[in-house]
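Peer 1: Sequence plus the predicted model coming up.
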Amino acid sequence: METSGLARRLSSRFIAGETLADALAVARSLNAEGISVTLDHLGENVASLEEAAASRDEYIRALDQIQAAGLSANVSIKLTQFGIDFDEAACYENVELLVKVAARHSSFVRVDMESSAYTDRTLRLVTDLHARYAAIGVVIQAYLYRSERDVESLCRQGIRIRLCKGAYLEPAGVAYERKADVDRNFVHLMKILLETGVYPAIATHDQAMIAETERFAAARQIAPSAFEFQMLYGIRRDIQKRLVSKGYRLRLYIPYGKAWYPYFMRRLAERPANVLFLARNLFR
Ligand code: FDA
């Protein structure tokens, strides 16, 4: 799939391109519209520590070029891309090198949250590196039962959180299964974050979640500059435009690179209409 020209064209709705230059060009044009970005170099679950080191170096290059170009951008990483499946200590060192560069550039590294098999290890690494360099934050998934406790603990430590619903298939023992329960928890956690979090990110395309956030911020007189909305590149551009025109801060998550297949499949799985979109374009 990843080397097929046709498949690449179909995925281009969600993926900025194959190279860092492609991603920076997208970042530049979004910045011109008043939208910040976070760059994601695709490639989770690497197969060796050499590949993990190559990912780290790609991200260091990204931070250097973001800085050189003066873009409003940071980076999002996955620990399975930094070698956590092979060696936790080596993974820690890889992330540490990147966070040092981010701190030097007054930038920021967001550690995406993967399946629940990684939650403890991810929070441990982020908490430790945050205490040493500050320029790192994490993601909390509203579908996990444990998330309220994690949010409270991270807020106490002043660690920046991106709140999302969660994108992995989890067993019922650890995660809410019904959308209504996930949404209810999302709103609950959003309120905690807006009141006690450090510059939280509310990451969703769900109009109901966005409306609740707007309502709560207005009711508590929380300034639009105290938090940001985040959305994925290519999804609900109508809502993106509306938020910016209303004066909210918006950051788009920009994936780029050759290894786009798992990311693309999660986006298809989230929304059956995307499969229809894919099928229509295949016929075309
Ligand atoms: P929901 O899935 O309920 O969708 C609400 C509406 O949004 C839909 O009705 C549709 O209109 C639109 N929509 C949503 N997904 C769409 C799609 N794929 N295509 C087209 N329209 C779509 N997850 C995770 O587990 N770990 C992480 O680190 C991150 N990081 C992350 C960063 C950012 C910036 C965002 C926006 C999301 C994530 N996610 C994530 C993914 C997240 O957990 C979740 O899977 C998706 O955002 C979809 O959930 P929504 O909140 O959009 O709501």
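Peer 2: Right, received. Where do you want to start?

Peer 1: contacting residues for the residue nearest to residue 20 when sequence neighbours are not counted?
Peer 2: In space, and not counting its chain neighbours, residue 20 is closest to residue 62: 5.8 Å by C-beta to C-beta, 6 or more residues apart in numbering. From N, CA and C alone the C-beta is placed, and that goes for glycine too. The neighbours of residue 62, taking C-beta atoms under 8 Å, 6 or more residues apart in numbering as the test, are 20, 23, 39, 41, 75.

Peer 1: Burial check on the last one, number of neighbours?
Peer 2: Meaning residue 75. Using other C-beta atoms under 10 Å, the number of residues around residue 75 comes to 24.

Peer 1: Please apply the same query to the fourth one.
Peer 2: A total of 24 residues lie near residue 41 under the criterion other C-beta under 10 Å.

Peer 1: what does the stretch 51-200 of the chain have sitting close to the ligand?
Peer 2: 112-113, 139, 141, 164-168 (C-beta under 6 Å from any ligand atom).

Peer 1: Give me the pLDDT value at the residue lying closest to residue 228 once chain neighbours are set aside.
Peer 2: Leaving aside its sequence neighbours, residue 228 sits nearest to residue 249 (C-beta to C-beta, 6+ apart; 3.9 Å). Per-residue confidence (pLDDT) for residue 249: 98.

Peer 1: what's the following helix or strand after the host helix or strand of residue 148?
Peer 2: Taking DSSP states H and E as the criterion, the element that holds residue 148 is helix 147-156. Per DSSP H and E, the first helix or strand lying C-terminal to helix 147-156 is strand 161-164.

Peer 1: Could you list every helix and strand that the helix or strand that comes right after that following strand packs against?
Peer 2: Next along the chain after strand 161-164, taking DSSP H and E as the criterion, comes helix 179-196. Contacts defined by 3 or more C-beta pairs under 8 Å, 6 or more residues apart in numbering; DSSP states H and E place helix 179-196 against helix 147-156, strand 161-164, helix 207-219.

Peer 1: CA atoms only: put the longest one into CSV for me.
Peer 2: This file holds the C-alpha atoms of helix 207-219, laid out as CSV (Å, rounded to 0.1, in the frame of the first residue of the first chain):
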residue,chain,number,x,y,z
GLN,A,207,-19.0,19.8,17.3
ALA,A,208,-20.8,18.9,20.6
MET,A,209,-17.4,18.7,22.4
ILE,A,210,-16.2,21.9,20.9
ALA,A,211,-19.5,23.7,21.8
GLU,A,212,-19.2,22.4,25.4
THR,A,213,-15.7,23.8,25.6
GLU,A,214,-16.7,27.2,24.2
ARG,A,215,-19.6,27.3,26.7
PHE,A,216,-17.5,26.4,29.7
ALA,A,217,-14.7,28.8,28.8
ALA,A,218,-17.1,31.6,28.4
ALA,A,219,-19.0,30.8,31.6
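
Peer 1: Helix or strand next in line after that helix, which one?
Peer 2: strand 228-232.

Peer 1: What mean pLDDT does that next one get?
Peer 2: If you average the pLDDT values across strand 228-232, you get 98.

Peer 1: what about that strand, distance to the chain center?
Peer 2: 9 Å (C-alpha atoms, centre = their mean, to the nearest Å).

Peer 1: wait, does it contact the ligand?
Peer 2: Yes - for strand 228-232, a contact with the ligand is found by C-beta under 6 Å from any ligand atom, at 230-232.

Peer 1: what about the helix or strand that that strand is followed by, average pLDDT?
Peer 2: Using DSSP H and E, the helix or strand that follows strand 228-232 in sequence is helix 237-245. Computed over helix 237-245, the mean pLDDT rounds to 96.
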